[in-house]
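Peer 1: Just a sequence and a predicted model for now, questions to come.
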Amino acid sequence: MKFELQHTDNLSNARAGLITTDHGVIETPIFMPVGTVGSVKAVQMYELKEDIEAQIILGNTYHLYLRPGLDILKKAGGLHKFNSWNKPMLTDSGGFQVFSLSDRRKLTEQGAEFRSHIDGSKHIFTPENVMDIQRIIGADIIMAFDECTPGDANYAYAKNSLELTERWLDRCIARFNETESPYGFRQSLFPIVQGCVYPELRKRAAENVASKEADGNAIGGLAVGEPKEKMFEMIEIVNEILPKDKPRYLMGVGTPADLLDAIERGVDMFDCIMPTRDGRNGRIFTKDGIINMRNAKWKDDFSPIEEDGASVVDTLYSKAYLRHLINANEILGLQIASVHNLAFYLWLVKEARKQIINGTFSTWKPQMIERVTRRL
């Protein structure tokens, strides 16, 4: 994998770059739709490619390991062939999912023992087998196995957790270096910076990760319950240390405003379930604000979902029709809302990239945040 830094904003740390993988080129900053179990919920692959214009999507190691399972994925030739996505793909390591199963898992030096949320069966993730699993899934970018520390963890817990994550990282790198992709294309391993909300720990973690000289680096353990101002403080601390010539991936974030604030601080890559999850619940993001599509005020509004929207569905359907579908629990409503929100997120990062290249990001960004945070 190669990263080319093309432009940096004069008044902030916002960057525009190119990531080159064996499955294609990614223009940064970029948002990655989340395809947890091999599909982006309620969205077909041709919509992701042609309408939403996604450049890279994300899969989840924990969920794919359980279903459909490694045998099926290996027989299919990897997830790219299994789900007909021929562009770049990233898999997370399952660390966050194991973190979220706090009542079903046990952490040891060896790894994380957990019980399946599907049938209660017992499993273990170790740094070594998580590398093997992600090799079989076949993503272009794979993540190191870590413990995602709770946002409200005390210092002692966060320090012990980080030390475990660092030991696991060394084992991930060793296993990654002694294995190869079974499908003949190159894969890149991204370490993850942890450390909770403690500056000392975040600095230590970022220095350790930077020393590994990986193809790219991730920032994890944020947007998990800590105050938002703390999240941005940690991003600033970490990005002062992580190498500027490698992409930086902020995991699991966030709102449209969060993306712009993080781009300003030097983040290149994002993923979040918010556009699809919120869309399925009737929350629509637009260039002029947020619409609660369940509200009665839209029941006889026959104007397009968004006049100058980024998706075909925006002018094809009216607000009144989309409200009807969502309130009637029609599957088409979930699909339209998900496609719209993802297209908007992809438009937003593409527009941010354009503003960075044009040298206007720092004047455009506060105006755009004011617009996208309005309640319509």
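Peer 2: Structure received. Numbers count the residues shown, from 1 in each chain.

Peer 1: Break the chain into its domains for me.
Peer 2: 29-271, 279-372 (automatic domain parsing).

Peer 1: which other helices and strands contact the helix or strand bottoming out on mean pLDDT in the chain?
Peer 2: In the chain, no helix or strand scores lower on mean pLDDT, DSSP states H and E than helix 95-100, which sits at a mean of 72. Packing partners of helix 95-100 (3 or more C-beta pairs under 8 Å, 6 or more residues apart in numbering; DSSP states H and E): helix 61-66, strand 112-115. For the C-beta atoms, the positions are set from N, CA and C on the backbone; glycine is no exception.

Peer 1: Deepest-packed of these, please.
Peer 2: Among the helices and strands packed on helix 95-100, helix 61-66 has the highest mean neighbour count (mean count of other C-beta atoms under 10 Å), at a mean of 23.

Peer 1: Outside of it itself, list whatever touches it.
Peer 2: Outside helix 61-66, the residues within contact range by C-beta atoms under 8 Å, 6 or more residues apart in numbering are 36-38, 73, 79, 91-94, 97-98, 116, 118, 123, 125, 130, 133-134, 137, 143.

Peer 1: mind listing the helices for the stretch 101-250 of the chain?
Peer 2: Secondary structure of the stretch 101-250 of the chain, counting by DSSP state H, counting those that start in this stretch: helices at 127-137, 155-177, 199-211, 228-239.

Peer 1: Please identify the deepest-packed of those helices.
Peer 2: The highest mean neighbour count among these, using mean count of other C-beta under 10 Å, belongs to helix 127-137: a mean of 22.

Peer 1: Now do the contacts for the nearest residue to residue 196 once chain neighbours are set aside.
Peer 2: Residue nearest to residue 196 in three dimensions, not counting chain neighbours: residue 158, with 3.7 Å by C-beta to C-beta, 6 or more residues apart in numbering. Contact partners of residue 158, counting by C-beta under 8 Å, 6+ apart, are 149, 194-198, 201.

Peer 1: Repeat the analysis, applying 10 Å as the threshold.
Peer 2: Shown in contact with residue 158 (C-beta atoms under 10 Å, 6 or more residues apart in numbering): 147, 149-152, 194-198, 200-202, 205, 221.

Peer 1: quick one: which of these is most hemmed in?
Peer 2: Ranked by neighbour count (other C-beta atoms under 10 Å), the contacts of residue 158 have residue 221 at the top, with 33 neighbours.

Peer 1: That one contacts residue 157, correct?
Peer 2: No: applying C-beta atoms under 10 Å as the test, residue 221 and residue 157 come out as separate, 11.9 Å apart.

Peer 1: Quick check: neighbours shared by those two?
Peer 2: Common contacts of residue 221 and residue 157, defined by C-beta under 10 Å, 6+ apart, comprise 149-150, 196.

Peer 1: Could I get the CA-only coordinates of stretch 309-326 as CSV?
Peer 2: What follows is stretch 309-326 as a C-alpha-only set of coordinates in CSV (Å, rounded to 0.1, in the frame of the first residue of the first chain):
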residue,chain,number,x,y,z
GLY,A,309,-28.5,16.0,-3.1
ALA,A,310,-25.7,13.6,-3.8
SER,A,311,-27.8,10.6,-4.6
VAL,A,312,-30.3,9.6,-7.3
VAL,A,313,-32.9,8.9,-4.7
ASP,A,314,-32.9,12.6,-3.5
THR,A,315,-34.8,13.9,-6.5
LEU,A,316,-36.6,10.7,-7.3
TYR,A,317,-38.7,10.6,-4.1
SER,A,318,-40.4,13.3,-2.0
LYS,A,319,-40.1,13.9,1.7
ALA,A,320,-43.8,12.9,2.1
TYR,A,321,-43.2,9.6,0.4
LEU,A,322,-40.1,8.8,2.4
ARG,A,323,-41.9,9.7,5.6
HIS,A,324,-44.8,7.4,4.6
LEU,A,325,-42.5,4.5,3.9
ILE,A,326,-40.5,4.9,7.2
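
Peer 1: in that stretch, what's buried?
Peer 2: Buried residues in stretch 309-326, counted by 16 or more other C-beta atoms under 10 Å: 309-311, 313-314, 317-326.

Peer 1: Kindly provide the whole-number mean pLDDT of that stretch.
Peer 2: Averaged over stretch 309-326, pLDDT sits at 98.

Peer 1: what about that stretch, distance to the chain center?
Peer 2: Here stretch 309-326 is found 26 Å from its chain centre; the criterion is C-alpha atoms, centre = their mean, to the nearest Å.

Peer 1: Residue 108: neighbour count?
Peer 2: Neighbours of residue 108 using other C-beta under 10 Å come to 10.

Peer 1: right, I mislabeled it, should have said residue 74
Peer 2: Residues lying near residue 74 (other C-beta under 10 Å) number 16.

Peer 1: go on, residue 227?
Peer 2: Applying other C-beta under 10 Å, we find 10 residues neighbouring residue 227.

Peer 1: if I pick it, what's in contact with it?
Peer 2: 151, 197, 233.

Peer 1: Is residue 81 within a helix or a strand, and which one?
Peer 2: Element membership for residue 81 (DSSP states H and E) is helix 79-83.

Peer 1: helices or strands up against that helix?
Peer 2: strand 57-60, helix 70-76, strand 89-92, helix 127-137 (3 or more C-beta pairs under 10 Å, 6 or more residues apart in numbering; DSSP states H and E).

Peer 1: What average pLDDT does the second one get?
Peer 2: Think helix 70-76. The model assigns helix 70-76 a mean pLDDT of 98.
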